[in-house]
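1. here you go, sequence then predicted model.
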Amino acid sequence: MLNDLIVRTLPLVPRPIVRRVASRYVAGETLDDAVRTLRELNSRGCMATLDVLGEDVTELAETGETVDEYERALAAIERERLDSNISVKLTALGLKIDSAESRRQFRRIVDTAVSTGNFVRIDMEDSSVTTETIRIYEESRNVTDRVGLVLQAYLRRTGEDAARAAAAKANVRVCKGIYVERPEIAFQDREEIRDSFSSVVDRLLEAGSYVGIATHDPELVRRALRTVARLGLPPSAYEFQMLLGVAGEMRRRLVAAGHRLRVYVPYGEAWYAYSIRRLKENPAIAGNVLKGLFTGGR
Ligand SMILES: Cc1cc2nc3c(=O)[nH]c(=O)nc-3n(C[C@H](O)[C@H](O)[C@H](O)COP(=O)(O)OP(=O)(O)OC[C@H]3O[C@@H](n4cnc5c(N)ncnc54)[C@H](O)[C@@H]3O)c2cc1C
């Protein structure tokens, strides 16, 4: 209850304190900060995916800056020989304002990724853009296989989307889904979401898709490992994915056991909005904000 109260009052918490708590979940504000984090993760045997923070822009003018930053990030990954791809939110490229323009901007990023030998994961956002996001993924996939999709287990439609993705041997990240969605379109029950997650992962792996198993839920990790063993898949056929700063111990165990593991690394000036979202998502860690208050946010 105390944590819920903290979450509700989060917007009143001074920025330096949020920054202190957020520093575990966000690489920093600049590309240099991100590069340092990638280097450290790589040295510990983890791959990464870089996310330039900023979603749902209100001005098309802002999208150009995001694309420029992704291009700089791709250049840095190549120059520094880092093991990282990128994750992109189409609303940060203006999908909700002008879908033709967001396609053009996305194409710029994909072209740069192709020319630097990299890969672009299209993050999945709220259900108002699911269909269009899948469409843009499919259009891009017709041009290159250096693009991947995300499917959210909580959406009732995902079974069908997974069947289509499996038939196309798409490269898919499977996650539970983070947005608040209505019961008509999304499962609300924890076990239903878990069962959907496992069935989508199984279906894709059985079809020979490369799957990013994105969860910190130990039960789902166990189930995925059982499927991998049942199918006799090599470690090159799948990867686990986790957020920066979350479930470090499970991450280390998976890496030590020889599984591929990718860490989602957000960075950028929009760190504040991202951090508030993460803290609201997991009230259990909001207690850290309180600790920050007592230790002066340093
Ligand atoms: C690599 C990656 C990419 C993602 N991409 C997307 C996307 O494109 N679209 C989308 O809608 N969602 C995305 N998500 C978020 C995802 O949908 C879930 O909301 C989130 O991962 C929590 O679900 P879980 O499977 O970890 O299970 P949960 O049951 O929520 O969490 C299991 C345990 O993990 C820990 N944990 C989970 N999340 C956090 C956190 N933020 N901070 C601290 N501890 C935490 C807690 O201890 C919790 O008990 C992504 C998640 C990951 C890991």
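-> Arrived safely, thanks for sending.

2. check contacts around the nearest residue to Trp271 once chain neighbours are set aside.
-> Sequence neighbours aside, Val26 is the residue nearest to Trp271 in space, at 4.6 Å (criterion: CB to CB, 6 or more residues apart in numbering). All C-beta atoms are positioned from the backbone trio N, CA, C, and that covers glycine. By CB atoms under 8 Å, 6 or more residues apart in numbering, the residues touching Val26 are Leu53, Leu244, Pro266, Tyr267, Trp271, Tyr274, Ser275.

3. and Val26, that one's in a strand?
-> No: Val26 sits outside any strand when classified using DSSP: H, G, I helix; E, B strand; the rest coil, being coil.

4. which neighbours does the helix or strand harbouring Glu239 have in its sheet, and in what orientation?
-> Glu239 is part of strand 238-243, with elements assigned from DSSP states H and E. As defined by DSSP bridges, the strand partners of strand 238-243 come to strand 211-214 (parallel), strand 261-267 (parallel).

5. got phi/psi on Val228?
-> Main-chain torsions, Val228, degrees, to the nearest 10: phi -60, psi -40.

6. how close does it sit to Val201?
-> 9 Å (CB to CB, to the nearest Å).

7. counting neighbours, go ahead and name the busier of those two.
-> The neighbour count for Val228 versus Val201, taken as other CB atoms under 10 Å, is higher for Val201 (27 against 20).

8. ok so, going back, joint contacts of Val228 and Val201?
-> In contact with both Val228 and Val201: no residue, using CB under 8 Å, 6+ apart.

9. could you report the neighbour count for the residue of the stretch 1-150 of the chain found nearest the ligand?
-> Nearest to the ligand, among the residues of the stretch 1-150 of the chain, is Asp123, at 3.6 Å (CB to the nearest ligand atom). Asp123: 20 surrounding residues under other CB under 10 Å.

10. what's the local residue count around the residue nearest to it when sequence neighbours are not counted?
-> Excluding the flanking residues, the one nearest Asp123 by CB to CB, 6+ apart is Lys89, at 4.7 Å. Neighbourhood size, Lys89 [other CB under 10 Å]: 21.

11. and for Asn42?
-> Asn42 is flanked by 17 other residues according to other CB under 10 Å.

12. next up, the contacts around it.
-> Ala48, Leu82, Asp83, Ser84.

13. find the helix or strand that the residue nearest to the second one when sequence neighbours are not counted is a member of.
-> Beyond its immediate neighbours in the sequence, the residue positioned closest to Leu82 (CB to CB, 6+ apart) is Leu38, lying 4.6 Å away. With elements taken from DSSP H and E, the one containing Leu38 is helix 31-43.

14. buried stuff in that helix?
-> Leu31, Asp33, Ala34, Val35, Thr37, Leu38, Leu41, Asn42 (16 or more other CB atoms under 10 Å).

15. any chance of the residues you listed in CSV, plus distance to Ala75?
-> Listed next are the buried residues of helix 31-43 as CSV, based on distance: CB to CB, whole Å:
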residue, distance to Ala75
Leu31, 9
Asp33, 16
Ala34, 13
Val35, 11
Thr37, 17
Leu38, 13
Leu41, 19
Asn42, 17
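
16. turn those residues into TSV, including pLDDT and distance to Pro16.
-> Below are the buried residues of helix 31-43 laid out as TSV (pLDDT from 0 to 100; distance: CB to CB, whole Å):
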residue	pLDDT	distance to Pro16
Leu31	97	22
Asp33	95	17
Ala34	97	21
Val35	98	24
Thr37	97	20
Leu38	98	25
Leu41	98	26
Asn42	98	30
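
17. tell me how far the residue nearest to Trp271 lies from Gly268.
-> 8 Å.

18. and for these two, which residues touch both?
-> What both Val26 and Gly268 touch, as defined by CB under 8 Å, 6+ apart, is the set Leu53.

19. pretty sure Gly54 sits in a helix.
-> No: judged by three-state DSSP, Gly54 forms no part of a helix; its state is coil.

20. what is the burial count for it?
-> If we define neighbours as other CB under 10 Å, then Gly54 has 22 of them.

21. all helices of the protein, in order?
-> Counting by DSSP state H, the segments of the chain that form helices are 2-9, 15-22, 31-43, 61-79, 99-115, 130-141, 158-167, 190-207, 218-231, 248-256, 271-281, 283-294.

22. make CSV from these and add distance to the ligand to it.
-> Putting the helices of the chain into CSV (distance: least, CB to the nearest ligand atom, whole Å) gives the following:
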stretch, distance to the ligand
helix 2-9, 12
helix 15-22, 11
helix 31-43, 13
helix 61-79, 16
helix 99-115, 15
helix 130-141, 10
helix 158-167, 11
helix 190-207, 7
helix 218-231, 6
helix 248-256, 9
helix 271-281, 5
helix 283-294, 5
